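S.K.: Here is my input; please provide its structure:
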Amino acid sequence: MKIPTKKLKNGFELPDLGLGTWKIGGGREVDTSRDSGSIEAVKKAIAMGYIHIDTAEVYGAGHCEELIGQAIKDFPRENLIITSKVARVNLAYDDVLRAAEKSLQKLDIDYIDLYYIHAPNPEISLKETIRAMDRLVSDKLVKNIAVSNFTVDLLKEAQAYSDNKIVANQIEYSLLTRNKGSHGLPYADNVDMESKTLPYCQENDILVVAERPLERGILLEKNELMGKMVKKYNKSYAQIAINWLISQKNVVTIPKSDNIEHLEENLGGVGWKMEEEDIELLRQKYNN
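M.R.: Reported below is the predicted structural model:
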């Protein structure tokens, strides 16, 4: 399946649906117990049409990147969009450059399509971080740069420093989590996503990459309104939740799964659009 994309004015684009990989290869520590299954799941996901693979240097303490590197070997590199993130503790200029080199080695690729600042760190100069990100682009090790967990003010500051367009902001955003985050990051406000961050990105030609679109399964719990939508559109709860996100301007999403059935189900959330009145009904139902 070819997943529809959202494209910026500078030509950069991301599919409406990508593959999140948190917990593949471990959480904050290495876990090799499911390596073969994880590699096979990523391979099958790519074969299904998931060409946007999202990872980070902290996932599995780098082991996630190694597994993805093994999984993508059988596919044409130019057909894939591989993204990774530099950890907030590595945002000093030289540390950013070293982190990117390590990610490239683990992924076993020559360039990263999209490289994120994983989260802001007020103890390290954002100007120096952006200078390093620009260097990676000029050295052709990174094609595009982005941020994650950035408020509008931080995003504006990063834009002011950068010689390159910041093409995306990855944030916690779903039907259930809209203006107040739930994962309690100590280094980012995770507030005002829908009221401030999303409108700013839409007005300034920046993609919003929505993480946790199903809120770890909470949005799969049955309720009357979602049940009506499921029946009306002949879709599942997961597909309704995903479609609500991607029906919005500049919003794409990256649900995490290494379950083949779930990967197939999630694909059913793209390629169609709910009616505006239903999008608004769901917005009101889950407003936080």
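
S.K.: Does Asp31 touch His63 like I think?
M.R.: Yes - under the criterion of CB atoms under 8 Å, Asp31 makes contact with His63 at 7.2 Å. The C-beta positions use only the backbone N, C-alpha and C, and glycine is treated the same way.

S.K.: if I look at these two, which residues touch both of them?
M.R.: Common contacts of Asp31 and His63 (CB atoms under 8 Å, 6 or more residues apart in numbering): Gly25.

S.K.: Local confidence estimate at Ile218?
M.R.: In this model, Ile218 is scored at 86, pLDDT.

S.K.: In contact with it, which residues are there?
M.R.: Counting by CB under 8 Å, 6+ apart, Ile218 makes contact with Leu176.

S.K.: Tell me the secondary structure at it.
M.R.: Following DSSP: H, G, I helix; E, B strand; the rest coil, the label given to Ile218 is helix.

S.K.: Compute the number of surrounding residues for the nearest residue to Val209 once chain neighbours are set aside.
M.R.: Among residues not flanking Val209 along the chain, Gln170 sits closest, at 4.0 Å (CB to CB, 6 or more residues apart in numbering). Counted with other CB atoms under 10 Å, residues neighbouring Gln170 total 28.

S.K.: Likewise for Glu215?
M.R.: When neighbours are counted by other CB under 10 Å, Glu215 registers 17.

S.K.: Distance check, it against Asp163.
M.R.: 37 Å (CB to CB, to the nearest Å).

S.K.: What of Glu65?
M.R.: Per CB to CB, Glu65 is found 26 Å from Asp163.

S.K.: So those two - more neighbours on which side?
M.R.: Comparing Glu65 with Asp163 by neighbour count (other CB under 10 Å), the higher total belongs to Glu65, at 28 against 12.

S.K.: Give me the residue ranges of this structure where confidence is low.
M.R.: Along the chain, the parts satisfying pLDDT under 70 run over 182-189, 288.

S.K.: the strands in it, which residues?
M.R.: Counting by DSSP state E, the chain has these strands, from start to end: 5-7, 13-15, 19-20, 52-54, 81-86, 112-117, 142-148, 166-172, 207-211, 251-253.

S.K.: can you redo those as a markdown table with distance to Arg131?
M.R.: Supplementary listing: the strands of the chain in a markdown table, determined by distance: least, CB to CB, whole Å:
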| stretch | distance to Arg131 |
| --- | --- |
| strand 5-7 | 28 |
| strand 13-15 | 25 |
| strand 19-20 | 29 |
| strand 52-54 | 24 |
| strand 81-86 | 13 |
| strand 112-117 | 12 |
| strand 142-148 | 11 |
| strand 166-172 | 14 |
| strand 207-211 | 23 |
| strand 251-253 | 28 |
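
S.K.: Next, the buried residues of stretch 99-110.
M.R.: Neighbour-count burial for stretch 99-110 flags Ala99, Ala100, Lys102, Ser103, Leu104, Lys106, Leu107, Ile109 (criterion: 16 or more other CB atoms under 10 Å).

S.K.: Tabulate the residues you listed (JSON lines), appending distance to Asp258.
M.R.: Shown next, in JSON lines, are these (distance: CB to CB, whole Å):
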{"residue": "Ala99", "distance to Asp258": "25"}
{"residue": "Ala100", "distance to Asp258": "26"}
{"residue": "Lys102", "distance to Asp258": "23"}
{"residue": "Ser103", "distance to Asp258": "20"}
{"residue": "Leu104", "distance to Asp258": "23"}
{"residue": "Lys106", "distance to Asp258": "18"}
{"residue": "Leu107", "distance to Asp258": "17"}
{"residue": "Ile109", "distance to Asp258": "21"}
